[in-house]
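Asker: Let me see the structure of the following:
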Amino acid sequence: MCESNVYLKENGAETLIMENVAVITPAGEHRFILRGLLGEQQEVSGIIEDINLMGHKIILKPA
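Answerer: Here you go, the predicted model:
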């Protein structure tokens, strides 16, 4: 499987936003739509800080 977990990093702490994200689509300036395997979706605000494909982890920071 190639899904990743998306986290928001604030003040050095990472908070899980969504698990098993299969698709990330830009939705405007500093906005993304996260879509999971089962069709669930969530719109989030942030800037991509790090993408670790081997670790299945994407980190956003506040915009």
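Asker: Now Ile58: closest residue in space, sequence neighbours ignored.
Answerer: Counting by Cβ to Cβ, 6 or more residues apart in numbering, Val6 is the residue found nearest to Ile58 once chain neighbours are left out, at 4.7 Å. C-beta: built from backbone N, CA, C; applies to glycine.
Asker: Report the strands that pair with the lengthiest strand in the chain, each with its relative direction.
Answerer: Longest strand in the chain, counting residues (DSSP state E): strand 13-26. Here strand 13-26 has these sheet partners by DSSP bridges: strand 4-10 (antiparallel), strand 31-36 (antiparallel).
Asker: pull the CA atoms of the shortest one into PDB?
Answerer: In other words, strand 31-36. Provided in PDB are the C-alpha atoms of strand 31-36 (Å, rounded to 0.1, in the frame of the first residue of the first chain):
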ATOM      1  CA  ARG A  31      -5.200  24.600   1.100                       C
ATOM      2  CA  PHE A  32      -5.300  20.900   0.400                       C
ATOM      3  CA  ILE A  33      -8.000  18.300   0.100                       C
ATOM      4  CA  LEU A  34      -7.000  15.000   1.600                       C
ATOM      5  CA  ARG A  35      -8.700  11.800   0.300                       C
ATOM      6  CA  GLY A  36      -8.600   8.400   2.000                       C
END
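Asker: Which positions in the very next helix or strand once past it come out as buried?
Answerer: Proceeding N to C from strand 31-36, the next assigned helix or strand is strand 41-45, under DSSP states H and E. Judged by neighbour count using 16 or more other Cβ atoms under 10 Å, the buried positions of strand 41-45 are Val44.
Asker: what angle do strand 41-45 and strand 31-36 make?
Answerer: 150 degrees (axes from the mean of the first three to the mean of the last three Cα atoms, to 10 degrees).
Asker: Summarise which helices and strands the helix or strand following strand 41-45 is packed against.
Answerer: Helices and strands here follow DSSP H and E; after strand 41-45, the next one along the chain is strand 47-52. Applying 3 or more Cβ pairs under 8 Å, 6 or more residues apart in numbering; DSSP states H and E, we find strand 47-52 packed against strand 57-61.
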